[in-house]
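Asks: Provided below are the primary sequence and the corresponding predicted coordinates.
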Amino acid sequence: MVTTGIKESRPKNLAGQGNKAVTRSFPLDKVRNIGIIAHIDAGKTTTTERILFYTGRTYKIGEVHDGTAVMDWMVQERERGITITSAATTCHWNEHRINIIDTPGHVDFTAEVERSLRVLDGGVVVLDAVAGVEAQSETVWRQADRYGVPRICFINKMDRIGADLQRTIEMIEDRLKAKTVAIQIPIGKESLFNGVVDLVEKKAWIFPDEATEKPEEVEIPAELKDEVFKSRQRMIEKLAENDDQLMLRYVDNQDISEADIKATIRRLTVANRIVPVVCGTALRNKGIQLVLDAVVDYLPSPLDKPALRVIETATGEEITRPASDEAPFSALAFKVVSDPFVGRLVYFRVYSGKVKVGAQIYNSSRGTKERLGRLLLMHANRREELEEVDTGCIAATLGLKNTFTGDTLCDGSQQVLLETIKFPEPVISMAIEPKSKADQDKLGDALSKLMEEDPTFRLRSNEETGQTLISGMGELHLEVLIDRMLREFGVQVRVGNPQVAYKETITVSVEAEGKFIRQTGGRGQYGHCWLRIEPGERNSGFKFVNEVRGGAISREYISPIEAGVREALDTGGVSGYPLVDIKVSVFDGSEHEVDSSEMAFKMAGSMALKQGVEKAKPVILEPIMRLESVTPASFMGEVIGDLNARRGHIDGIETHGETCVIHSFVPLAESFGYATASRSLTQGRATYSMEFHQYREVPNNIMEQMLARTKGK
């Protein structure tokens with residue numbers, strides 16, 4: 001028996017350096033920017049805490065259940081035991097620098113995952129070995145697909161009863177449509193799980209329960225030798241199927257070395273053609289070192305990613321910019337935080353070039369010059385001073401007053417625009433009002449700072465009722481934001497019941513006339529236009545087209561017509577909800593040589609749209625949620641009955657032993673109070689997760705009731 005560390009690297013602890021500048025530099029090919037992503041409660045933060053310990057970033061393991069996790073630093077996170085905001089840190093392993101972002105798993109905070117994946121080069125997807133692929137696992141996987149992020153899968157909780165590595169791998173392939181390559185098999189099952197066999201290096205590792213004890217390399221257990229041989233052959237065959245270089249060696253019966261296998265896995269992973277799978281249990285400190293090895297060996301460095309495509313602002317042409325310190329500076333701001341101790345922090349990822357403290361940079365998204373204040377390397381909510389940031393770095397800065405999420409920062413002499421970040425629309429609203437005059441004065445400042453931080457948090461005023469409405473991604477999202485208003489900004493507010501963010505659209509094409517004529521003693525007002533209003537495809541948004549021919553309306557009045565139409569869309573159709581998925585074409589009209597004005601045509605456009613929508617058979621759209629309920633089989637009937645009563649549509653049922661997973665779609669309006677009902681129906685034994693799916697037409701009988709209530713007001 002040999003006792004050894006697995007490529008262990010515990011450098012000098014950086015967490016205690018205070019405000020000293022961090023000057024240690026790594027070659028770009030030894031930099032990894034990764035995110036830890038997963039469904040809620042799969043073990044992301046627990047995994048991250050172990051990574052920080054084994055890399056020497058911390059000398060004590062924080063625990064989520066004790067409220068001592070370094071990465072879950074917010075009071076709200078520690079109270080609820082969940083991650084709410086993405087937290088960044090940097091650590092070192094095997095002479096590599098690893099920048100890590102630990103992301104939330106709850107669907108209400110999906111924007112945090114979205115913006116993190118936009119700036120990352122690779123991801124570690126953590127999956128529960130018992131639950132397998134869950135609802136939010138699919139969501140984060142789709143987000144990673146959208147940004148082309150290569151990833152590895154870490155199958156966590158292998159020590160739990162019901163843990164099944166093979167079933168989880170099958171679920172990844174079936175539900176996520178991914179090509180997996182298992183590069184480990186477990187030693188022991190469920191509570192007897194104590195190590196893994198590395199199929200690439202043909203080594204067996206036993207992990208002690210104590211985190212401070214080193215892993216032991218042992219002989220491959222005799223009872224596993226056949227399985228190891230078959231699994232390794234299967235691994236090589238899968239790799240050969242996807243890689244021509246390895247296929248030639250395999251077909252010719254040439255010797256395939258460890259180095260060949262590693263190079264092939266890396267090549268295919270970086271190309272997003274396979275997903276390597278490793279396993280362990282983070283809570284029991286088993287397998288984390290091998291996860292770090294896989295990150296270093298298989299996930300890409302900034303050099304492995306395709307050259308950055310940017311738009312040159314001077315010409316509007318697309319050009320490429322290499323990941324190099326010698327290239328002009330370009331970075332993407334992906335997060336804004338109002339830190340109570342240091343002020344407004346802007347997180348950014350450097351894609352090319354480097355920049356020093358105090359440098360003047362250009363925000364090409366806003367067309368403004370900014371000066372960098374302090375540069376900070378973040379460790380959750382702790383900070384280390386930097387003198388300079390280089391390519392591949394994820395850092396934060398002070399002093400950028402006019403920079404927001406998704407903005408491009410670049411060298412002022414070579415201005416470019418990077419692809420920004422798109423966020424989902426809010427689906428739920430609440431009315432809020434300050435409790436006192438003192439709170440009213442502070443409320444505006446608190447709301448503006450929270451909106452700067454969170455692009456999915458919206459604010460609007462209802463002119464008819466005089467209410468202030470806040471909108472977000474779910475009940476928990478708004479609950480946390482209201483809690484933050486009290487704790488961080490000292491603002492006490494009253495809140496109304498949650499309101500669903502309904503929308504409205506039309507179903508038939510119509511033509512409508514808008515004529516605004518006012519004659520007074522002096523100059524009058526004259527605006528006249530004809531609009532063709534057509535339904536668009538779902539999620540197509542609003543499209544405006546100018547089809548005026550022959551100069552019936554001067555070009556200068558087209559934009560005011562569009563402005564009037566947009567204003568009418570926001571104020572809503574027959575039911576008062578915002579109008580979406582509509583194409584509007586202005587094709588005719590007339591003007592007066594003296595009385596026509598921009599204001600008159602804006603009013604005419606607004607009037608035409610409102611009249612046209614009434615004739616275009618409008619329908620109300622409601623947000624539909626994808627709901628996944630995990631319940632003991634004995635309660636399946638009660639759960640399905642409750643879902644049916646909520647206008648739910650059952651999409652499928654999976655059975656795993658004594659547990660059932662019910663997949664369904666439920667209107668958000670019917671989902672309020674589901675947590676309480678689910679606990680009541682199943683004696684507290686069921687769990688569920690819910691995420692936004694799409695907008696869908698409200699049934700006629702429900703729509704009639706809603707319109708009757710609107711008219712009653």
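Replies: Now that the structure is in, tell me what you want to look at. Residues are numbered from 1 along each chain as shown.
Asks: Do you know the pLDDT at residue 65?
Replies: What the model reports for residue 65 is a pLDDT of 49.
Asks: where do the strands sit along the stretch 151-300 of the chain?
Replies: Along the stretch 151-300 of the chain, counting by DSSP state E, counting those that start in this stretch, strands occupy 151-156, 180-182, 184-187, 195-198, 203-206, 216-218, 275-279.
Asks: Hmm, residue 243 and residue 264 touching each other?
Replies: Yes. Contact criterion CB atoms under 8 Å: residue 264 and residue 243 qualify, at 5.0 Å. Bear in mind the C-beta positions are built from the backbone N, C-alpha and C, glycine included.
Asks: Tell me which residues are up against the helix or strand residue 345 falls within.
Replies: For residue 345, the host element (DSSP states H and E) is strand 343-352. For strand 343-352, contacts defined as CB atoms under 8 Å, 6 or more residues apart in numbering pick out 33, 88, 119, 302, 308, 321-324, 327-339, 376, 378, 389-398, 400-401, 403, 409, 418, 452.
Asks: Which ones among those map onto strands?
Replies: Applying DSSP state E to those, the entries found in strands are 33, 88, 308, 321, 330-339, 376, 378, 389, 394-398, 409.
Asks: Write a PyMOL command that selects only the buried members of these.
Replies: A single PyMOL command is used to select the members of these judged buried by 16 or more other CB atoms under 10 Å:
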select buried, resi 33+88+308+321+330+331+332+333+334+335+336+337+338+376+378+389+394+395+396+397+398+409
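Asks: strands paired with the longest strand seen in the chain, and their directions?
Replies: If you go by DSSP E, the chain has its longest strand at strand 619-632. Next to strand 619-632 in the sheet, as set by DSSP bridges, lie strand 503-505 (antiparallel), strand 659-667 (antiparallel), strand 687-697 (antiparallel).
Asks: Would you map the helices across the stretch 51-200 of the chain?
Replies: For the stretch 51-200 of the chain, applying DSSP state H, counting those that start in this stretch gives helices covering 75-80, 110-119, 135-146, 165-175.
Asks: Of those helices, which is nearest residue 591?
Replies: Closest to residue 591 of the helices of the stretch 51-200 of the chain is helix 110-119 (CB to CB; 44.9 Å).
Asks: which helices and strands does whichever strand or helix holds residue 48 pack with?
Replies: In the assignment (DSSP H and E), residue 48 maps to helix 44-54. Packing partners of helix 44-54 (3 or more CB pairs under 8 Å, 6 or more residues apart in numbering; DSSP states H and E): strand 31-38, strand 87-93, strand 96-102, strand 122-128, strand 151-156, helix 288-298.
Asks: Let's have the ones you listed in CSV, adding distance to residue 312.
Replies: Output for the helices and strands packed on helix 44-54, formatted as CSV (distance: least, CB to CB, whole Å):
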stretch, distance to residue 312
strand 31-38, 25
strand 87-93, 30
strand 96-102, 28
strand 122-128, 28
strand 151-156, 32
helix 288-298, 34
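Asks: between those, which one is nearest to residue 485?
Replies: strand 87-93 (21.1 Å).
Asks: That closest one pairs with which strands, and in what direction?
Replies: Using DSSP bridges, the strands paired with strand 87-93 are strand 96-102 (antiparallel).
Asks: pLDDT below threshold where in the stretch 351-500 of the chain?
Replies: 380-381, 462-466 (pLDDT under 70).
Asks: What segments of it are helices?
Replies: 437-453, 475-489.
Asks: quick revisit: and the helices of the stretch 51-200 of the chain, which is most packed in?
Replies: Scoring these by mean neighbour count under mean count of other CB atoms under 10 Å gives helix 110-119 as the most buried, with a mean of 25.
Asks: secondary structure element for residue 564?
Replies: Following DSSP H and E, one finds residue 564 within helix 558-571.
Asks: And the next helix or strand past that helix?
Replies: That would be, after helix 558-571 and using DSSP H and E, strand 582-590.
Asks: What backbone torsions are found at residue 634?
Replies: With angles defined as degrees, to the nearest 10, residue 634 sits at phi -70, psi -20.
Asks: Residue 239: how many residues sit nearby?
Replies: 24 (other CB atoms under 10 Å).
Asks: Touching stretch 531-543 from outside, list them.
Replies: So stretch 531-543 is contacted by 505-514, 547, 565-566, 569, 579-587, 605, 608-609, 612-613, 616, 694-695 (CB under 8 Å, 6+ apart).
Asks: 6 Å - rerun?
Replies: Stretch 531-543 is contacted from outside by 506-507, 509-512, 581-587, 608, 612, 616, using CB atoms under 6 Å, 6 or more residues apart in numbering.
Asks: pull the CA atoms of that stretch into PDB?
Replies: Extracted in PDB, the C-alpha atoms of stretch 531-543 (Å, rounded to 0.1, in the frame of the first residue of the first chain):
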ATOM      1  CA  LEU A 531     -51.400  50.700 -39.400                       C
ATOM      2  CA  ARG A 532     -51.500  47.000 -40.400                       C
ATOM      3  CA  ILE A 533     -51.300  45.000 -37.100                       C
ATOM      4  CA  GLU A 534     -50.400  41.300 -37.400                       C
ATOM      5  CA  PRO A 535     -49.800  38.500 -34.800                       C
ATOM      6  CA  GLY A 536     -46.100  37.500 -34.500                       C
ATOM      7  CA  GLU A 537     -44.700  34.100 -33.500                       C
ATOM      8  CA  ARG A 538     -44.500  33.400 -29.800                       C
ATOM      9  CA  ASN A 539     -41.500  35.100 -28.200                       C
ATOM     10  CA  SER A 540     -40.800  37.200 -31.300                       C
ATOM     11  CA  GLY A 541     -41.400  40.500 -29.500                       C
ATOM     12  CA  PHE A 542     -42.300  43.600 -31.300                       C
ATOM     13  CA  LYS A 543     -41.500  44.500 -34.900                       C
END
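Asks: circling back to that earlier point, please identify the one among the strands paired with strand 619-632 that comes closest to residue 114.
Replies: Taking CB to CB, strand 687-697 is the member of those nearest to residue 114, at 12.6 Å.
Asks: and the closest one, average pLDDT?
Replies: pLDDT averaged over strand 687-697 equals 80, rounded to a whole number.
Asks: To residue 203, which of the helices of the stretch 351-500 of the chain lies closest?
Replies: helix 475-489 (43.8 Å).
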